[in-house]
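In: what follows is a predicted protein model with its sequence.
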Amino acid sequence: AGQKPRKLFSAIGNSAAERAPDCKPRELANLAWAFATIEQNAAKMFNAFAEEAVQRADTFNDHDLVITTWAFATIGFRSEEFYEAMAATSRLRASAFTPKA
């Protein structure tokens, strides 16, 4: 009990990495969040998602920006290009951010 089925998460991560270009920002955010929440670093998936996020940061809504950035930071993902893209998009929208209760 309490063990993560590594082969299952590896298969999901690999499949998600291959499909990353077809994923909507919400799908990228949700999968990244799920893997980070269970402390499962699927490097191939996170690398593919980072590439997509950098290219499409302006298509992420505020919620997806926050969740995606949190997930990547939580697993210790390192990519100046990824964090700069997320930060630049966030700065452009900072005045429109509203707190959620």
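Out: Cool, got the structure.
In: just the strands in this protein please.
Out: Under the criterion DSSP state E, the chain contains no strands.
In: give me the residue at the spatial middle of the protein.
Out: T68 (3.5 Å; C-alpha atoms, centre = their mean).
In: so that one touches L28, yeah?
Out: Yes. In this structure T68 lies within contact range of L28 using C-beta atoms under 8 Å: 6.4 Å. Placement of C-beta: from N, CA and C, glycine included.
In: show me whatever sits in contact with both of the two.
Out: Residues touching both T68 and L28 (C-beta atoms under 8 Å, 6 or more residues apart in numbering): F49, A53.
In: and Q3, what pLDDT?
Out: Predicted confidence (pLDDT) at Q3: the value is 61.
In: got it, and D58?
Out: Here the pLDDT value assigned to D58 is 93.
In: wouldn't it be in contact with M86 here?
Out: No. Assessed by C-beta under 8 Å, D58 is found out of contact with M86, at 10.9 Å.
In: with that, I have no additional questions.
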